[in-house]
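**Student:** Please find the sequence and the predicted model below.
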Amino acid sequence: MKKLAYALASGVAALGLLAGAQGVAQAEQSAAVPSCVKGEGAYLIALYVTITNNCDTTQRVSAWYQRDGVPVYPENRCYTLAPGEQIKYREPFWFGERYAGLIHC
């Protein structure tokens, strides 16, 4: 019984470390997006996102979302914005509950 409890505790600890490492990696990615790139999200049946590049250089970014408190990163959704460019798009309501931020892609 002690071995089973030890194995379960080790598994839970490993999952905690993995989740922490993933969170650090995601924070590093989102920290790399310059503050001159702005993103806004709104929810009205679907998720509406507006990304504006206020930088002097072209930026490649993607938005990420949360669903049930879990980060959702869309695949193959990278936007290249020239200086001063703005894009608006929407995601289906089942994609996520809210816009959470920007990451480099």
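**Tutor:** Received it, and whenever you're ready, just let me know what you need.
**Student:** What residues are bridge-paired with N53?
**Tutor:** V37 (DSSP bridges).
**Student:** State the distance from Y48 to T57.
**Tutor:** The gap separating Y48 from T57 is 26 Å, by Cβ to Cβ, to the nearest Å. Every residue, glycine included, has its C-beta placed from N, CA and C.
**Student:** cool, V70 as well?
**Tutor:** If you go by Cβ to Cβ, the gap between V70 and T57 works out to 32 Å.
**Student:** next one: E40
**Tutor:** For E40 relative to T57 (Cβ to Cβ), the value is 21 Å.
**Student:** likewise C36?
**Tutor:** 9 Å.
**Student:** In terms of neighbours, single out the busier of these two.
**Tutor:** C36 (13 against 10; other Cβ atoms under 10 Å).
**Student:** Can you give me every residue that contacts the more buried one?
**Tutor:** N53, N54, C55, D56 (Cβ atoms under 8 Å, 6 or more residues apart in numbering).
**Student:** pLDDT at the last one, what is it?
**Tutor:** Spelled out, it's D56. You'll see D56 listed with a pLDDT of 97.
**Student:** my guess is it is in a strand, correct?
**Tutor:** No: membership of D56 in a strand is not supported by DSSP: H, G, I helix; E, B strand; the rest coil, which gives coil.
**Student:** the bottom helix or strand of the protein by mean pLDDT?
**Tutor:** helix 2-31 (a mean of 45; mean pLDDT, DSSP states H and E).
**Student:** Quick check: the gap between the residue nearest to the spatial centre of the chain and D56.
**Tutor:** Closest to where the C-alpha atoms of the chain average out (Cα atoms, centre = their mean) is W64, at 2.9 Å. Applying Cβ to Cβ, the value for W64 to D56 is 25 Å.
**Student:** One more: Y48?
**Tutor:** Taking Cβ to Cβ, one finds Y48 at 27 Å from D56.
**Student:** Please identify which of the two sits among more neighbours.
**Tutor:** Taking other Cβ under 10 Å, Y48 and D56 do not tie; Y48 has more neighbours (15 against 9).
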